[in-house]
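Asks: Model the following, please.
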Amino acid sequence: MLEPSLHINTPAPIPPGALAMLPEEFSPAATQPQLEPSPDATSEAIERLFSEAVAFVNQGRKAFSQLPGEDALHSGERSILLVLEESGPCTVPQIARARSTSRQNVQIIINRLAAEGRVELRGNPSHKRSKLAALTARGKQWLQAFEKSASRALPAQVKISAAEIQAAGQVLLRLRRALAEGLETGTRTNRSASDSTGTDNEPAGTGAEATAIPQPTGGR
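Replies: Purely as a prediction, here's the structure:
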């Protein structure tokens, strides 16, 4: 008795470039299950990021304080000068929003910078009681001197590309805005609850908070 022969159909070879023509959803990476991180994992990651960010700022202050320049400005003063350089004249509430700090703290620094001649206060057509802070020629010169000093000193110490640093800055910016939106949502909820009970716990403001807040355009 003859045994049946085994026939194997060999598939035709795949033409060159055919895999590249497949839709993206059929790629091996796309077929893997995408698992969303748990809330606990996200919270832990944010806590570690906060801790590292604080350590980075402390180390940055030590490194930047050793850079040559006209003088050694505090990081808070330098940060405000950068806001004015990127966004133009701003009110104190606008700067406070841009730097996620209090208006009182910004006002103290603005007064000090104005006394040093790095910032000048101008009249504000939109609000008589909230003046505009503008960068002066001396303030611009100091920023330029600091940036030149930093550009000479940092490449020898930092082995990270500019693209990676910019990406890290964008992540921090998105997290900061998300936290700010969460606080604003909570504030609106509390206001709604106060209105429904007939109480008003909101302190009187100057009206300057309603002014549009310019967003920095740079990656700093």
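
Asks: Please make it C-alpha for all contacts and neighbour counts, starting now.
Replies: Fine.

Asks: Could you pull out the buried residues of the helix or strand harbouring N190?
Replies: Here N190, judged by DSSP states H and E, is contained in helix 162-197. For helix 162-197, burial by neighbour count (16 or more other C-alpha atoms under 10 Å) applies to R191.

Asks: what do you get for stretch 138-145?
Replies: Of all the residues in stretch 138-145, those buried under the rule 16+ other C-alpha under 10 Å are 139-140, 142-143, 145.

Asks: would JSON lines of those residues with secondary structure, pLDDT and distance to E86 be doable?
Replies: Shown next, in JSON lines, are those (DSSP: H, G, I helix; E, B strand; the rest coil; pLDDT from 0 to 100; distance: C-alpha to C-alpha, whole Å):
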{"residue": "G139", "secondary structure": "helix", "pLDDT": "93", "distance to E86": "13"}
{"residue": "K140", "secondary structure": "helix", "pLDDT": "93", "distance to E86": "11"}
{"residue": "W142", "secondary structure": "helix", "pLDDT": "89", "distance to E86": "15"}
{"residue": "L143", "secondary structure": "helix", "pLDDT": "89", "distance to E86": "12"}
{"residue": "A145", "secondary structure": "helix", "pLDDT": "85", "distance to E86": "16"}
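
Asks: Just name the closest of the residues you listed to E52, please.
Replies: Among the buried residues of stretch 138-145, L143 lies closest to E52 (C-alpha to C-alpha), at 26.4 Å.

Asks: Can you pull out the low-pLDDT segments for the protein?
Replies: 1-37, 65-73, 153-157, 194-220 (pLDDT under 70).

Asks: again, only using 80
Replies: For the chain, applying pLDDT under 80 flags the ranges 1-39, 60-75, 128, 149-159, 183-184, 186-220.

Asks: Which stretches in it count as strands?
Replies: Along the chain, counting by DSSP state E, strands occupy 119-122, 132-135.
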